[in-house]
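# Kindly generate the corresponding structure for this input.
(2 chains)
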Amino acid sequence: MKKSLGAVFRKELIHILRDKQSLFMVLSMPLLMLLLYGYAINLDMRGIEIVVSDRSLSPESRELIRHLEATEFFHVTVAPGGVSDVGDLFRSRKAQCVLEIPPEEGPLLLAIDASDPNSASFIQNYVTRVVSLSAGARAGLFTLEPRIFYNPDMRSAPFFVPGLIALILLLICALLTSIAIVREKETGSMEQLLVSPVKPHQIILGKVLPYTFLGFFDGLVILGAGRLLFRVPVEGSLLLVMAMMLIYVVTGLSLGMLVSTMAGTQAVAMLVTVSLTVLPSMLMSGFIFPVFSMPPVFQLVSRIIPATYFLEIIRGILLKGNSLADLLRPAGTLLGLDALLILLSIRAFRIRLE
Amino acid sequence: MGRIKALVQKEFRQIRRTKAYFGLIFIAPFVQLIVMGSAITNEVKDIPLVIVDQDRTPSSREIINRFDAVPLFDFRGIADSPVRAERLINRGEVKAALVIPRGFEGEMIRGLMPEVQVLIDGVDGNSAGVSLGYITSMAALIQKGWASGMAGAGGMEIIPRYFYNPGLESKLNFVPGLLGILLFMMTTMLTAINIVREKELGTLEQLMATPPGGVQLIIGKIIPFTVLGLVQFSMGLIAARVVFGIPVAGRLSLLYLMTLLFIMSTLGLGIFISTVTSTQQQAMFVAWFSMIFALLLSGFFVPVRNMPPPVQILTLLNPLRYFMSVLREIYLKGTPLRYLLPEAAAMGGMGLVLITAATLRFHRRLE
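Alright, predicted model coming up:
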């Protein structure tokens, strides 16, 4: 009993170790993605090209220009004579915004190239901030005292690294298991295994376990590299993180098994896994875009995606120092989804066997 | 010439016979555009917010009413204490909280500038920054309203004007970008897999053994896939117009010219991948890998100028980066060719280099 499980496990391990190319991919891809996400995704804008058309030439306007030049947000070009064609300036991409200071008292006009709306609202925010700064301590009625929790510098790495763990765990567990099982189907060796005295559940377990370790190992590598390279904190208990990772690994594996019952060839398995699990988990789980801002329909979809809950859990533990008591709801839901997926894949497998 | 014609005919016949292509070209762009175009939004709105009102005066109530009325915030009610608000943030139930202190109205009347605390969940740094920006401008707006009754409340006012996208809708930015991504995915992957399949089946060796060699073979592959790419792109254009109501502001002919150049570079990449891999599985892996790289370094999610300088240099090698800005420029701003010459040269040059490299590798394999 134990022995046959071990044999299948060993066989799968040999398969993995023999396919050097795939093994290399599995081990290097997470690190590469970590580096890319860590360095390439930076939502802070710097060096915004701003043209200031100063038609007032007053001490106040010069003070304002000095303030704009002093921040790292802006790269200022002063056009003393004014700007004749703002549209041409935007189309040639020489400026992202044009600030016009009128000759007399009056409101400043700020033209922004809003073809990237996100940047446009950032630019408006920055300019407003600098202008009010340069106008001196305005006679306001009250002040705001912001306190940013958990990630005071609002860096993107602490946000993306936990998300990347979720994505990689899913990618490896779901994709590799489905391909590994379908490969046996394609080559016909699955039928042989099934007629051998090894029990079906032992075959599946034996095939799935090596990938569990692989996925788990990759998750830890990202966590460690994220900590070393991007100073991602681990506020909560590391043990809890690992326990939750295990639960999530099971999710990925059962998704992979489910896909393997549907797909007949490796290429199809790959396409189905990517389009049904990886893409939705990437786009609708809150990995990049906040769930609360999505259209209501997609918010509903995000509720049935396991990654949504895992992201909440792992970000909670790593950044907020949440304990298990804080995470009962998402952890419970994730376990429930796990149970459902396992039941579904066992059923699907039985039907195939008959 | 006749040989190329024969090869192209063969390719089209195979494409027509494969049912999957039909779905890939005519249905997939619509579905993907609809789903991704409406799901992907980097607008931050409906921010869950609670307010702690320790003052309980008309002023504090007005602040609450103002925040309740704006759709940018999803006002979740009053929290009893700052501790309770912090707890809600910690459990992820709200993303921001305001604390109006006791004696707020009184201090304001006496000109003592009371402090309103803003608590923000900073886990998602970007959303946190945007939320803080909204709250700051809301506070400024409220103060302006209150101060207008009083004398001497001036300060500089800014009137913003948003060009090309007055409603700041993110779909205007993402949908044209998606067209580029879909085109990249299809042309690169299909070419790579198509050629590798012929390699796997052994038909490529047979074709190459016949008199005029690699160059014609590659041209015979390029023509049909260029046509497929253009058809798919046109379907995408129609979908963007019909489903999302986004028209092309610039010249359509210019857009197609640029698309042609882009397809050259992606086909070159696809053919190149096919020469360095030997099974469909491997080709798929490599194609996916380059997809992810291209996507992240294209400026689709994050503007290239936000990236650190070394990464910005890396993006210069990415054909999708050029096409991404070309698409957005022509689609939204109607930018003429003279401002897009660098992009055109980069894409064309890359296509030329990749196709030449692939052809040379083809020849070498033959010897």
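
# Please make it C-alpha for all contacts and neighbour counts, starting now.
Will do.

# Look at A:Ile313 and tell me its secondary structure.
Per DSSP: H, G, I helix; E, B strand; the rest coil, the secondary structure class of A:Ile313 is helix.

# Could you do A:Glu104 as well?
Of the three states, A:Glu104 takes coil under three-state DSSP.

# The residue of the stretch 101-250 of chain A found nearest chain B: neighbour count?
Closest residue of the stretch 101-250 of chain A to chain B, C-alpha to the nearest C-alpha: A:Met154 (3.9 Å). Residues near A:Met154, counting by other C-alpha atoms under 10 Å in any protein chain shown, number 22.

# That one belongs to a helix?
No. Read with three-state DSSP, A:Met154 is coil and lies in no helix.

# how close does the residue in the stretch 1-150 of chain B that chain A sits nearest to sit to A:Pro158?
Closest residue of the stretch 1-150 of chain B to chain A, C-alpha to the nearest C-alpha: B:Gly125 (3.9 Å). Per C-alpha to C-alpha, to the nearest Å, B:Gly125 is found 8 Å from A:Pro158.

# Mutual contacts of those two, please.
A:Asn151 (C-alpha atoms under 8 Å, 6 or more residues apart in numbering or on different chains).

# Could you report the distance from the residue of the stretch 201-350 of chain A found nearest chain B to A:Arg155?
Shortest the stretch 201-350 of chain A-to-chain B distance, computed as C-alpha to the nearest C-alpha: residue-wise this is A:Ser293, at 5.0 Å. A:Ser293 sits 20 Å away from A:Arg155, going by C-alpha to C-alpha.

# Let's verify the closest residue to the residue of the stretch 201-350 of chain A closest to chain B other than its chain neighbours: helix, strand, or coil?
Using C-alpha to C-alpha, 6 or more residues apart in numbering or on different chains and skipping the chain neighbours, the partner closest in space to A:Ser293 is B:Lys45 (5.0 Å). Following three-state DSSP, we place B:Lys45 in the coil state.

# If you tally nearby residues, what's the number for the residue of the stretch 201-350 of chain A closest to chain B?
Using other C-alpha under 10 Å, A:Ser293 is surrounded by 23 other residues.

# Then B:Pro166?
13.

# quick one: the nearest residue to it once chain neighbours are set aside and B:Val243, what's the gap?
Nearest residue to B:Pro166 in three dimensions, chain neighbours excluded: A:Ala114, at 7.1 Å (C-alpha to C-alpha, 6+ apart). Taking C-alpha to C-alpha as the criterion, A:Ala114 is separated from B:Val243 by 22 Å.

# cool, B:Met324 as well?
20 Å.

# Settle it for me: which of these two has more neighbours?
Ranked by neighbour count (other C-alpha under 10 Å), B:Met324 and B:Val243 place B:Met324 first, with 22 against 13.

# Apart from its neighbours in sequence, what residue is nearest that one?
Closest to B:Met324 by C-alpha to C-alpha, 6+ apart is B:Gly177, at 5.7 Å.

# Now that neighbour: which helix or strand?
For B:Gly177, the host element (DSSP states H and E) is helix B:171-201.

# mind showing which ranges of the stretch 201-350 of chain A have poor pLDDT?
Where the stretch 201-350 of chain A drops to pLDDT under 70, the residues are A:267.

# where along the stretch 251-354 of chain A do the strands fall?
For the stretch 251-354 of chain A, strands defined by DSSP state E, counting those that start in this stretch do not occur.

# who in it is up against chain B?
Counting by C-alpha under 8 Å from any C-alpha of the partner chain, the positions of the stretch 251-354 of chain A adjacent to chain B are A:266-267, A:283-284, A:289-290, A:292-295, A:298, A:312, A:315-316, A:319-320, A:322, A:326-327.

# and if we set it to 7 Å?
Residues of the stretch 251-354 of chain A lying close to chain B by C-alpha under 7 Å from any C-alpha of the partner chain are A:Leu283, A:Phe289, A:Phe292, A:Ser293, A:Met294, A:Phe298, A:Leu319, A:Lys320, A:Asp326.

# And the pLDDT for the residue nearest to the last one when sequence neighbours are not counted?
If the residues on either side of it in the chain are set aside, A:Asp326 comes closest to B:Arg91, at 6.2 Å by C-alpha to C-alpha, 6+ apart. B:Arg91 is assigned a predicted lDDT (pLDDT) of 84.

# Which elements pack onto the helix or strand hosting A:Phe159?
Using DSSP H and E, A:Phe159 sits in helix A:157-170. In terms of contacts (3 or more C-alpha pairs under 7 Å, 6 or more residues apart in numbering or on different chains; DSSP states H and E), helix A:157-170 is packed against helix A:20-40, helix A:200-230, helix A:306-315.

# so can I have a markdown table of these showing mean neighbour count?
Below are the helices and strands packed on helix A:157-170 laid out as a markdown table (neighbours: other C-alpha atoms under 10 Å in any protein chain shown):
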| stretch | mean neighbour count |
| --- | --- |
| helix A:20-40 | 17 |
| helix A:200-230 | 19 |
| helix A:306-315 | 24 |
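
# now those helices as a markdown table including distance to B:Ala139?
Below are those laid out as a markdown table (distance: least, C-alpha to C-alpha, whole Å):
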| stretch | distance to B:Ala139 |
| --- | --- |
| helix A:20-40 | 33 |
| helix A:200-230 | 34 |
| helix A:306-315 | 30 |
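
# Return the residues in contact with the residue of the stretch 101-250 of chain A closest to chain B.
Contacts here follow C-alpha atoms under 7 Å, 6 or more residues apart in numbering or on different chains; on that basis A:Met154 touches B:Gly122, B:Gly125, B:Asn126.

# The last one - that's part of a helix, no?
Pointing back at B:Asn126 there. Yes. Counting by three-state DSSP, one finds B:Asn126 located in a helix.

# Would you mind giving me the confidence score for it?
pLDDT recorded at B:Asn126 is 78.

# what bridges to A:His75?
A:Glu49 (DSSP bridges).

# ok, now which ones touch it?
For A:His75, counting by C-alpha under 7 Å, 6+ apart, the contacting residues are A:Gly47, A:Ile48, A:Glu49, A:Ile50, A:Glu69.

# neighbours around B:Leu360, how many?
B:Leu360 has 15 nearby residues by other C-alpha under 10 Å.

# quick one: which helix or strand includes it?
Per DSSP H and E, B:Leu360 falls inside helix B:341-366.

# Buried residues of that helix, list them for me.
Across helix B:341-366, burial judged by 16 or more other C-alpha atoms under 10 Å in any protein chain shown covers B:343-344, B:346-352, B:354-359, B:362.

# Domain ranges for the chain, per the record?
This is for chain A. Using automatic domain parsing, the domains assigned to chain A come out as A:2-41+A:154-353, A:48-134.

# Oops, wrong one, chain B.
Taken from automatic domain parsing, chain B resolves into B:2-40+B:169-366, B:47-147.

# For the longest one, the averaged confidence score.
The predicted model assigns domain B:2-40+B:169-366 a mean pLDDT of 84.

# Run the chain-centre distance for that domain.
16 Å (C-alpha atoms, centre = their mean, to the nearest Å).

# What distance do you get for A:Leu5 to A:Asp113?
63 Å.

# what does the stretch 1-150 of chain B have sitting close to chain A?
B:39-47, B:90-91, B:108, B:111, B:113-126, B:133, B:143.

# Narrow the residues you listed to those in strands?
Residues of the residues of the stretch 1-150 of chain B next to chain A located in strands (DSSP state E): B:Ile47, B:Glu115, B:Val116, B:Gln117, B:Val118, B:Leu119, B:Ile120, B:Asp121.

# The residue lying farthest from the centre of chain A and B:Leu49, how far apart?
Centroid-distance maximum for chain A: A:Glu104 at 48.9 Å, with C-alpha atoms, centre = their mean. In this view, A:Glu104 and B:Leu49 are 41 Å apart by C-alpha to C-alpha.
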